[in-house]
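[1] Model the structure of this input:
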Amino acid sequence: MQSRNNLAIVLILLFNANSALANDPAVFRDQIFTASVRTVQLYVNPLPLSDAVIPLNGPSQLHLAFDDLEGDKKNYFYTLILCNYDWTPSDLNPFGYLEGFQQQEIITFSFSFNTYQHFTHYDLQFPNADIRITKSGNYVLKVYADNDPGKVVLTRRFIVFESNLQVITDVHQPLSAKYSRTHQEVDFSLNYSGMSISNPQNDIHVLLMQNFRWDNAISNLSPLFQRSNQLDYNYEMENAFEAGKEFRNFDTRTIRYRTEHVKEIKTSNDVTDILLFSDEVRAGTPYFFRRDIDGKFLPATQDYPEEALQADYVWVYFTLPFDYPVKEGKIYLFGKFTDWQLLPDFQMQWNPKLFAYEAKAYLKQGYYEYEYIYSDNNGNAETDLIEGNSYETQNTYQVFVYYRPFGARYDQVIAYKATDSFNK
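    Below is the predicted model of the structure:
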């Protein structure tokens, strides 16, 4: 019991550092506001590796799942907020984009069992009979406690789209000799022959994403050319991304024996420590193909049948040998499990005795992918120092098209296209 109390104190201290990262509340992002809430997932049901994108007026539902490590029953409620293209709240009244109730309680929950860490697992599927979405656009799922919208627990972004025009994409190496081996360029065009758009230069906005990441999304592109019912976005480098490399991974779905990238498993005082093999700096090394899941994670256990309730929480230890401590910057663990953000919980610390960077993270059992990111003191992040970039890397790209004619009060999402770096 003492070890559990100590662990709770550690989690709260770690979370307090995170709280300082909150953006301007007028702009939404994926964020957790309560220290005890962990392992938040939002995906198209029943596909846990899918992106939070659904068509308007279709049968698809999104599935929210998360754990509360305090292990008791909380009164959690949720609502859906329509946002503008830039993720500021829309001026549209909720009655204008929701049918049914504007907020509902999350009533599906279960308690963990056969785990050292006690937690309560919450599930929600929406849209549903109580809350239905009537407009396409950017949305935020807001979860709060005790029917008090001011007690925000977490926020998650998702997109509802229509298919009113055609998006044609072409992913290729940049023509620039400087970037042709390290970047991937995403050219695309919009065919709106089925729509009447009077001022496409002003009324159309686009969002270009890599692996459904918000941290490096490109959103300031204007069409280079306008032809009859077609807008072309065939830039040289403005629509290019660092290619990165295939993500690193580790597997903690069992604590009975060592699995992929696991060096040692130790359990004492009701806490399990999993030590990973040391990683290597990959910058400057040849590209090696390995099929990955684009930096995502999948909570799971192979030891018991009830994965959501019997997958335990463990401390995972990372080591990155490095020749020197970086100056004027920091190194972070990075991936979907960090919400694609540089968070204090996942900052690496320099160990002068080992000449290595180290970190530990309290994670639910599962399969995880990650990489190491260097960020300078101004918050500029890059992969080149540790991971390197190779144009051959397989990435997934998403194009969203927004439409807001003169006088309209919200941004429709009138098209969505997903493709990979092999144009499949």
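[2] Now find how far off-centre stretch 298-311 is within its chain.
    In terms of C-alpha atoms, centre = their mean, to the nearest Å, the centre of stretch 298-311 is set 22 Å apart from its chain centre.
[3] Buried residues of it, list them for me.
    By 16 or more other C-beta atoms under 10 Å, the buried positions in stretch 298-311 come out as 298-302, 307-311. C-beta: built from backbone N, CA, C; applies to glycine.
[4] Please enumerate residues in contact with it?
    When contacts are defined by C-beta atoms under 8 Å, 6 or more residues apart in numbering, stretch 298-311 is touched by residues 39, 41, 48-49, 65, 110-115, 121, 123, 253-256, 312, 364-368.
[5] State the mean pLDDT of that stretch.
    Averaged over stretch 298-311, pLDDT sits at 97.
[6] Where strands are concerned, which of the contacts of stretch 298-311 count?
    Cross-referencing the contacts of stretch 298-311 against strands under DSSP state E gives 39, 41, 65, 110-111, 121, 123, 364, 366-368.
[7] follow-up on the earlier one: would you convert the buried residues of stretch 298-311 into a markdown table that also reports distance to residue 380 and secondary structure?
    Below are the buried residues of stretch 298-311 laid out as a markdown table (distance: C-beta to C-beta, whole Å; DSSP: H, G, I helix; E, B strand; the rest coil):
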| residue | distance to residue 380 | secondary structure |
| --- | --- | --- |
| 298 | 31 | strand |
| 299 | 32 | strand |
| 300 | 35 | coil |
| 301 | 38 | coil |
| 302 | 40 | coil |
| 307 | 38 | helix |
| 308 | 38 | helix |
| 309 | 41 | helix |
| 310 | 42 | helix |
| 311 | 36 | coil |
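[8] I'd like the residues you listed laid out as a markdown table, including distance to residue 215.
    A markdown table is the format used below for the buried residues of stretch 298-311 (distance: C-beta to C-beta, whole Å):
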| residue | distance to residue 215 |
| --- | --- |
| 298 | 21 |
| 299 | 22 |
| 300 | 26 |
| 301 | 30 |
| 302 | 32 |
| 307 | 29 |
| 308 | 28 |
| 309 | 32 |
| 310 | 33 |
| 311 | 27 |
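[9] closest to residue 133 among the residues you listed?
    residue 308 (25.8 Å; C-beta to C-beta).
[10] Point to the helix or strand of the chain where mean pLDDT is at its lowest.
    Every helix and strand of the chain was ranked by mean pLDDT, DSSP states H and E. The lowest is helix 2-19, at a mean of 44.
[11] what's the following helix or strand after it?
    From helix 2-19 onward toward the C-terminus, using DSSP states H and E, the following helix or strand is strand 31-32.
[12] Mind listing the strands that following strand pairs with, and their directions?
    Here strand 31-32 has these sheet partners by DSSP bridges: strand 152-161 (antiparallel).
[13] which residues are in contact with the following helix or strand past the partner strand?
    Later in the chain than strand 152-161, the nearest helix or strand by DSSP H and E is strand 166-172. Where contact means C-beta under 8 Å, 6+ apart, the residues beyond strand 166-172 that reach it are 184-192, 397, 399, 401, 415-417, 419-423.
[14] What's the ChimeraX line that selects buried ones from these?
    The ChimeraX command for the buried members of the contacts of strand 166-172 (criterion: 16+ other C-beta under 10 Å) is given here:
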select :184,185,186,187,188,189,190,191,192,397,399,401,415,416,417,419,421
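[15] In stretch 155-171, which residues are buried?
    Result for stretch 155-171 [16+ other C-beta under 10 Å]: buried residues 155-162, 164-165, 167, 169, 171.
[16] I'd like these laid out as JSON lines, including distance to residue 104 and pLDDT.
    JSON lines is the format used below for these (distance: C-beta to C-beta, whole Å; pLDDT from 0 to 100):
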{"residue": "155", "distance to residue 104": "16", "pLDDT": "97"}
{"residue": "156", "distance to residue 104": "16", "pLDDT": "98"}
{"residue": "157", "distance to residue 104": "19", "pLDDT": "98"}
{"residue": "158", "distance to residue 104": "16", "pLDDT": "98"}
{"residue": "159", "distance to residue 104": "21", "pLDDT": "98"}
{"residue": "160", "distance to residue 104": "18", "pLDDT": "98"}
{"residue": "161", "distance to residue 104": "23", "pLDDT": "98"}
{"residue": "162", "distance to residue 104": "25", "pLDDT": "98"}
{"residue": "164", "distance to residue 104": "30", "pLDDT": "96"}
{"residue": "165", "distance to residue 104": "34", "pLDDT": "95"}
{"residue": "167", "distance to residue 104": "34", "pLDDT": "98"}
{"residue": "169", "distance to residue 104": "37", "pLDDT": "97"}
{"residue": "171", "distance to residue 104": "40", "pLDDT": "97"}
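[17] how's this structure carved up into domains?
    Structural domains annotated on the chain: 2-161, 166-243+393-420, 248-382, as defined by automatic domain parsing.
[18] Among these, show the one with the smallest mean pLDDT.
    Note on those: lowest mean pLDDT is at domain 2-161, with a mean of 89.
[19] can you give me how far that domain is from the chain middle?
    13 Å.
[20] Parallel or antiparallel, which strands does the helix or strand containing residue 374 pair with?
    In this structure, residue 374 sits in strand 366-376 according to DSSP H and E. Strand pairing for strand 366-376, using DSSP bridges, gives strand 248-251 (antiparallel), strand 297-299 (antiparallel), strand 329-334 (antiparallel), strand 381-382 (antiparallel).
[21] The following helix or strand past the longest one: partners in the sheet, and parallel or antiparallel?
    By that I understand strand 329-334. Using DSSP H and E, the helix or strand that follows strand 329-334 in sequence is strand 349-351. Strand 349-351 has its sheet partners listed here by DSSP bridges as strand 356-364 (antiparallel).
[22] Sort out which residues of the partner strand are buried, please.
    For strand 356-364, by 16+ other C-beta under 10 Å, it's 356-357, 359-364.
[23] okay, that strand in CSV with CA atoms only?
    C-alpha atoms of strand 356-364 as CSV (Å, rounded to 0.1, in the frame of the first residue of the first chain):
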residue,chain,number,x,y,z
ALA,A,356,23.6,8.3,-22.1
TYR,A,357,20.2,9.8,-22.0
GLU,A,358,17.6,8.0,-19.9
ALA,A,359,13.9,8.2,-19.2
LYS,A,360,11.2,6.2,-17.6
ALA,A,361,7.5,6.2,-18.4
TYR,A,362,4.5,4.7,-16.6
LEU,A,363,2.6,3.0,-19.3
LYS,A,364,-0.2,0.4,-19.7
